[in-house]
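Asks: what would the 3D arrangement of this be:
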Amino acid sequence: MATMRSWAGGMRMRLHGAINDRRGVAAVEFALLLPVMLVLYFGTMEFSQAIETHKKASRVGAMVSDLVGQLNKATRGELDAIMEIGEVTLLPYNRSRPSIYITAIDISDDDMPKATVAWSRKMEDGATSRYLPEDQEITDVPAALNVRNSFLIRVESDLTYQPILTWNEGSPESIGLTSLFDSIEMHEDYHVRPRMTQRIMCEDC
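Replies: Presented below is the predicted three-dimensional model:
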């Protein structure tokens, strides 16, 4: 009986000691909090990079439209060079390439002005070519800019932002946290009027 009591007393002491043993609590808490901390850290880093890249993507359209608006007349080579300069503006971001579209819009001198394409160029994935056909009607000119007998330069910039957490260089497939986000579409439109002349013509566009 005494042995039984001694064994029971020893078990109670060991059980009490195990319950009050706090040596592994810190490790368990760290293991539980580490994934949350990593998600918060990388999420904050990715969010700040996306904001900065969006600012640069906006500057692409603003800069391209400003440079084109200063021309007296345009050539295909000049327009392509301006779009290449716009692409370089995004550096050091290089996980995807922007698309840039330049459209010269001629607005007729009618009571109900009609906007049509005078010429256009585009750059997609680094390759430049003609964009919209001449004389195609443009129906989405902002009302404040749809002034009879006027001329507009529209620049559209598009970028499919690839988060670094999901980007896989050399492969079209994404990796990492694809369940959270795969890509972010960024788009900006700019309209400017010619600065040096009433109309900017391009004979070889």
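
Asks: so what does the longest strand along the chain touch, helix or strand wise?
Replies: Longest strand in the chain, counting residues (DSSP state E): strand 150-161. Here strand 150-161 touches helix 25-69, strand 99-107, strand 184-192, going by 3 or more C-beta pairs under 8 Å, 6 or more residues apart in numbering; DSSP states H and E. Where you see a C-beta, it was placed from the backbone N, CA and C, and this is true even at glycine.

Asks: can you give me the end-to-end span of stretch 111-128?
Replies: The straight-line separation of the ends of stretch 111-128 (C-alpha to C-alpha, to the nearest Å) is 36 Å.

Asks: distance from the chain centre to it, please.
Replies: Offset of stretch 111-128 from its chain centre (C-alpha atoms, centre = their mean, to the nearest Å): 22 Å.

Asks: what pairs with the longest strand of the chain, and is each one parallel or antiparallel?
Replies: Take DSSP bridges as the rule and strand 150-161 pairs in its sheet with strand 99-107 (antiparallel), strand 184-192 (antiparallel).

Asks: and the closest residue to Y93 other than its chain neighbours, how many neighbours?
Replies: With sequence-adjacent residues excluded and distances taken as C-beta to C-beta, 6 or more residues apart in numbering, Y93 is closest to T53, at 5.0 Å. When neighbours are counted by other C-beta atoms under 10 Å, T53 registers 21.

Asks: T53: what's it in contact with?
Replies: T53 makes contact with L90, Y93, L159, Y161, M186, according to C-beta atoms under 8 Å, 6 or more residues apart in numbering.

Asks: repeat for I184
Replies: Contacts of I184 were listed using C-beta under 8 Å, 6+ apart, and they are A50, T160, Y161, P163.

Asks: at 7 Å instead, please
Replies: Contact partners of I184, counting by C-beta atoms under 7 Å, 6 or more residues apart in numbering, are A50, Y161.

Asks: and what of G86?
Replies: V60, M63, V64, I100.

Asks: got a pLDDT number for L32?
Replies: For L32, the pLDDT comes out at 75.
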